[in-house]
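Colleague: the following block contains a protein sequence and its predicted model.
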Amino acid sequence: MSEVLVRREEMIFETENGSLSQSDATERFQLAFHQEELSFRVCELITFKRKLQAIDLPAMLMSENQDVEVLHMPHCDRLFVLTIQNILELKELLAGAFAMLELNSVIHRQLVRRPL
């Protein structure tokens, strides 16, 4: 008899062009963005968010030459070539997702602290 692995993912946050979900079974986050999917461990997701936050958008807008940013993540064999619009969309997606994760954490702490 073969064992069936159930892949259960919880949606954390979703925008028009992307979503971030979490799998308790694999302990990974799934980023879907413009028909591409990437899997991140929590530390990789935080690193990705930090790299996005470090991009100097005003400099990109003022530059005559630079209209894309190239990001490399050590955990995968892809380069991310992001336009200004992509950067803004990903920042919105990750900001919303991290806000939802923080809210969930606050709610959990409050429920655990309350005596029954």
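Modeller: On my side now, so go ahead. Residues are numbered from 1 along each chain as shown.

Colleague: now do the helices in the chain.
Modeller: Taking DSSP state H as the test, the helices found in the chain are 42-53, 57-62, 84-113.

Colleague: same list (those helices) but as CSV, adding mean neighbour count.
Modeller: Any C-beta I mention is one placed from the backbone N, CA and C, and that applies to glycine too. CSV is the format used below for those (neighbours: other C-beta atoms under 10 Å):
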stretch, mean neighbour count
helix 42-53, 15
helix 57-62, 11
helix 84-113, 14
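
Colleague: nearest to Asn17, of these?
Modeller: Shortest distance between Asn17 and the helices of the chain, using C-beta to C-beta, is found for helix 84-113: 5.5 Å.

Colleague: re the thing from before, the helices of the chain: which one's closest to Met11?
Modeller: Of all the helices of the chain, helix 84-113 sits nearest to Met11, with 9.3 Å by C-beta to C-beta.

Colleague: low-confidence ranges in this structure?
Modeller: 1-7, 114-116 (pLDDT under 70).

Colleague: residue contacts, the residue nearest the centre of it?
Modeller: By C-alpha atoms, centre = their mean, the chain has its centre lying nearest to Leu94, at 4.8 Å. By C-beta atoms under 8 Å, 6 or more residues apart in numbering, Leu94 lies in contact with 20, 45, 48-49, 52.

Colleague: ok so, going back, so can I have CSV of the helices of the chain showing distance to His34?
Modeller: Listed next are the helices of the chain as CSV, based on distance: least, C-beta to C-beta, whole Å:
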stretch, distance to His34
helix 42-53, 15
helix 57-62, 19
helix 84-113, 8
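
Colleague: what's the closest of those to Asp77?
Modeller: By C-beta to C-beta (comparing all of those), the closest turns out to be helix 42-53, at 13.4 Å.

Colleague: contacts for that closest one next, please.
Modeller: Residues contacting helix 42-53 (C-beta under 8 Å, 6+ apart): 27, 29, 31, 40, 71, 73, 75, 87, 90-91, 94, 98.

Colleague: again, 7 Å this time
Modeller: Residues from elsewhere that reach helix 42-53 (C-beta atoms under 7 Å, 6 or more residues apart in numbering): 29, 40, 71, 73, 75, 87, 90-91, 94, 98.

Colleague: noted, bye for now.
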